[in-house]
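Undergrad: what's the 3D shape of this:
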Amino acid sequence: MALYEHVLLARQDVSAQQVETLVEQFKGIIEANGGSVPKVEYWGVKSLGYRIKKNRKAHYSLLNINAPSAAVLEMERQMRINEDVLRFLTVRVEELEEGQSAMLQKRDRDDRGDRGDRFDRGAGGGDRFDRDRGPRRDRPRRDDEATETTGAEV
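TA: Residues are numbered from 1 along each chain as shown. Next up, the predicted model:
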């Protein structure tokens, strides 16, 4: 049997519980056709790069699938029929990832809290952002500036 990673995008106006029911329905299709789904991850509601069927956001879910291709084709056929599914992508892989996917690891990193390294520089913003300081007088003139002001040729 082949290994697949499958990402599913569901409409934003359905609840997370309904998305979970959808995923269980598709998982049942895979298992009924002789496959298995060892891992299911719900990534949450995320913004889309562009509007899909008038939706700006979608529920994202990942399924790791170990199944024959006929089972995956049947699941994809059912997804095309379902109006709550906006998009899906199935990719055949050599081996399935163990543990959390990169999306969930990213969310865990984001949940660590504010490290205080951004926008903690005060109201002035430091030397880089002081635009009203005027020209620097302590730097030496470049050769091309010297020729423009004196008119001498090099």
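
Undergrad: I'd like the average pLDDT over the biggest helix by length in the chain.
TA: Scanning the chain for the longest helix, with DSSP state H as the assignment, gives helix 16-32. Helix 16-32 comes out with an average pLDDT of 94.

Undergrad: Against which helices or strands is it packed?
TA: If you count contacts as 3 or more Cβ pairs under 8 Å, 6 or more residues apart in numbering; DSSP states H and E, helix 16-32 packs onto strand 2-11, strand 36-52, strand 55-67, helix 69-81. Every C-beta, even on glycine, is put in place using the N, C-alpha and C of the backbone.

Undergrad: buried residues in it?
TA: Buried residues in helix 16-32, defined by neighbour count with 16 or more other Cβ atoms under 10 Å: 19, 22-23, 26-27, 29-30.

Undergrad: is it possible to export these to JSON lines including distance to residue 53?
TA: Shown next, in JSON lines, are those (distance: Cβ to Cβ, whole Å):
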{"residue": "19", "distance to residue 53": "16"}
{"residue": "22", "distance to residue 53": "16"}
{"residue": "23", "distance to residue 53": "19"}
{"residue": "26", "distance to residue 53": "19"}
{"residue": "27", "distance to residue 53": "24"}
{"residue": "29", "distance to residue 53": "23"}
{"residue": "30", "distance to residue 53": "25"}
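
Undergrad: just the residues you listed now: which is nearest residue 95?
TA: Residue 95 has its nearest neighbour among the buried residues of helix 16-32 in residue 30, at 18.0 Å by Cβ to Cβ.

Undergrad: how about the closest one, what does it touch?
TA: Residues in contact with residue 30, defined by Cβ atoms under 8 Å, 6 or more residues apart in numbering, are 36-37, 65, 67, 71-72, 75.
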